[in-house]
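>>> Attaching a predicted model along with its sequence, questions to come.
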Amino acid sequence: MRAPIIVLIVIYAIAVIGLTLVPGVDAEGKIAPPLSFFHAFYFVSYTATTIGFGEIPGAFSDAQRLWVTICIYLTVVGWSYSVVTLIALLQDKGFQNTLTTNRFAWRVRRIKEPFYLVCGCGETGNLICRTFDRINQAFVVIEKDDLRVQELDLQDFKTDTPALSADATQPDNLLLAGLKHPKCRGVLAATNDEESNLAIAIAARLLNPGVPVIARARSASIAANMASFGTDHIINPFERFAEHLAMAVAAPERFRLIELLTSLPETPIPEIHRPPGGRWILCGYGRFGHALANRLQATGIHLTIIDPKAPDADHTFAGDGTEANTLTQAGIAEASGIIAGTDNDVNNLSIAVTAHELNPKLFVVVRQNHSGNSALFEAYDADFTMVHSQIVAQESVAILTAPLLARFLEKLREQDEVWSHGLVERLQALCGGLTPVVWDIRLNISEAPAAYKALMHDKKFSLGEILRDGTDRSLPLNAITLLIERNSQLFLLPDDEFMLIAGDQLLLASPLAAQRNFEFTVRNANELDYVLCGREESGSWLWRRLSGAKAAKIEACSAPRGGSNDDDHQV
């Protein structure tokens, strides 16, 4: 806008100076002095802005009117040029990006609550964002694709989430998004590009080593590189699904328990998976196929592999598995299960349908590569569907919202199937057909100030005493305590008699409403008093003063009157 402003200033200056030089005329028609500088500036100001008060302070001469006519056209040209330039500026992508970036940075600086930085808003990132919004967890988004950012803005989120269309691999963009913000609690590298995730993980580790980083990787080399830089959690969806499928075969109750605890909170409970042992056919022998083969063969399953580039070995066949001929040669009639694991959704559905027609008793596992094909996979309804974006999202949310869950899952490996089945039954009855919210809280001054102060002042209470409904203390809170960590000691499934101390970290599973109920109890001293002792009173200074005055008045009224004695009573 520099040139248009200069043009306007020059035009105004010429118009004003001209009016101070052109002579006027008086009421008798004689030549009069030109306008003063003030009157000239005043006249040009209201004329050039199209207000038009007339010829002030007196009627103009013909020479003045000629000069004013020239100035009018000059100012019209100047203003037109300025307006056109302004419109072009507002439509300029660079200017719009500058405004958007500055507004984004301002919103990030104003965040007052803990938040997570989500890098990448594709299928996985979008699922994570929607889950965070459902559980009222603040987050900031960086996504390279501007269209995805616009789609994110159109979603019905509860809060106005800061989102920026930028390359998250650039350290300056991460800093702009709040990587060093005091409220930043973690970084998620969830883009579809492994190299980008690696760059994000390295930048986050170097710029802010204290912030946990969760990164998505599919190849072993990228995962090893991330691990060398100290990335806290590396999620390989292929390895994770292979591990889960193998566990579903070898320890179905333990797998069911892990599935309930790591599913997205308050979503429908997933159907029960009971894959059989015996002989299976694996279609597709890429990275996903290799991960499955390594895990399933360790459980005793005998695999037959079908792949266009299958190695020349026993139990391997060249092909893609969509033809009935190939499946028949691979022994589909005697197989217990089949895995359609190629990187093509149409081929995977074709394999599953053809195989099921040849052997209706097959346990069918299909790989879904794109969320846009969800309707097709739901219509087919396979026994087990692998959706890599959902696997990454589930584990990311579980790790971030409940860091203690990883310690619980480690302890879970030591338990038998009977123990797992009992806990599964309790969890399934907890939320009325929905998966529980798994969360943790530490009894310290920042997360549970009321409970911490009470414990520090030698006020003892047990787990069962504090797990009461804050609206009606006679009712137990609808929650299960999975684990308590105390000074590096772990207590698995503690009972109601377990005595708490300051600094304990609790891992719980509950409905979202119960989580909010408990958090309010341990943060508010009055609510804690009600839950523990049944006392209901306000903690405000005015209420305490009024309550104290009222109690004193009642006590004074109930005391004996002055001057009374035994003789008076006898009389």
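Alright, I've got the coordinates. These numbers come from a predicted model, not from an experiment.
>>> can you list the residues that contact stretch 123-134?
Contacts to stretch 123-134, defined as C-beta atoms under 8 Å, 6 or more residues apart in numbering, come from residues 116, 118-119, 121, 138-139, 141, 143, 148, 152, 155, 157-159, 161, 188, 190-191, 216, 264-266, 370-371, 388-390, 392-393, 396-397, 512. (Glycine included, C-beta is placed from N, CA and C.)
>>> Please narrow the residues you listed to those residing in strands.
Under the assignment DSSP state E, the contacts of stretch 123-134 contribute 116, 118-119, 138-139, 141, 143, 188, 216 to strands.
>>> Closest one to Asn102 out of these, please.
Within those, proximity to Asn102 (C-beta to C-beta) peaks at Val141, which comes in at 17.0 Å.
>>> can I assume that closest one is in contact with Gln150?
No. With contacts counted by C-beta atoms under 8 Å, Val141 stays clear of Gln150, the gap being 11.9 Å.
>>> Show the low-confidence segments of the protein, by residue range.
311-313, 537-571 (pLDDT under 70).
>>> quick check, distance from the longest helix anywhere in it to the centre of its chain.
Longest helix of the chain, by residue count under DSSP state H: helix 62-91. Distance, stretch centre to chain centre, for helix 62-91: 52 Å (C-alpha atoms, centre = their mean, to the nearest Å).
>>> Packing partners of that helix?
helix 2-21, helix 37-48 (3 or more C-beta pairs under 8 Å, 6 or more residues apart in numbering; DSSP states H and E).
>>> run the last query once more with 6 Å
helix 2-21 (3 or more C-beta pairs under 6 Å, 6 or more residues apart in numbering; DSSP states H and E).
>>> so how far is the helix it packs on from its chain's centroid?
Helix 2-21 sits 55 Å away from the centroid of its parent chain (C-alpha atoms, centre = their mean).
>>> which residues sit against it?
For helix 2-21, the external contacting residues (C-beta atoms under 6 Å, 6 or more residues apart in numbering) are 34-35, 37, 40-41, 44, 67, 71, 74-75, 78, 81-82, 85.
>>> can we see that at 8 Å?
The contact list for helix 2-21 (C-beta under 8 Å, 6+ apart) reads 34-37, 39-41, 43-44, 48, 64, 67-68, 70-71, 74-75, 77-79, 81-82, 85-86.
>>> now those: which count as buried?
In the contacts of helix 2-21, burial by neighbour count holds for 34-35, 39-41, 43-44, 48, 64, 67-68, 71, 74-75, 78-79, 82, 85, counting by 16 or more other C-beta atoms under 10 Å.
>>> Restrict the contacts of stretch 123-134 to the buried ones and give me that as a ChimeraX selection.
Burial among the contacts of stretch 123-134 is assessed by 16+ other C-beta under 10 Å; the matching ChimeraX selection reads:
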select :116,118,119,121,138,139,141,143,148,152,157,161,188,190,191,216,264,265,266,371,388,389,390,392,393,396,397,512
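>>> Just the ones of the contacts of stretch 123-134 in helices?
Applying DSSP H to the contacts of stretch 123-134, the entries found in helices are 148, 152, 388-390, 392-393, 396-397, 512.
>>> Reformat the ones in strands among the contacts of stretch 123-134 into TSV and put distance to Ile17 next to each item.
Below are the ones in strands among the contacts of stretch 123-134 laid out as TSV (distance: C-beta to C-beta, whole Å):
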residue	distance to Ile17
Tyr116	62
Val118	60
Cys119	59
Ala138	59
Phe139	60
Val141	56
Glu143	55
Leu188	64
Arg216	69
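>>> Widest-spaced pair of those residues?
It's Ala138 and Arg216 that sit farthest apart of the ones in strands among the contacts of stretch 123-134, by C-beta to C-beta, at 21.5 Å.
>>> which ones are touching Thr69?
Neighbours of Thr69 in contact, by C-beta under 8 Å, 6+ apart: none.
>>> Dihedrals phi and psi, the residue lying closest to Ala502 once chain neighbours are set aside?
Among residues not flanking Ala502 along the chain, Leu455 sits closest, at 4.2 Å (C-beta to C-beta, 6 or more residues apart in numbering). Dihedral angles of Leu455 (phi, psi; degrees, to the nearest 10) stand at phi -70, psi -40.
>>> Thank you kindly, that will do.
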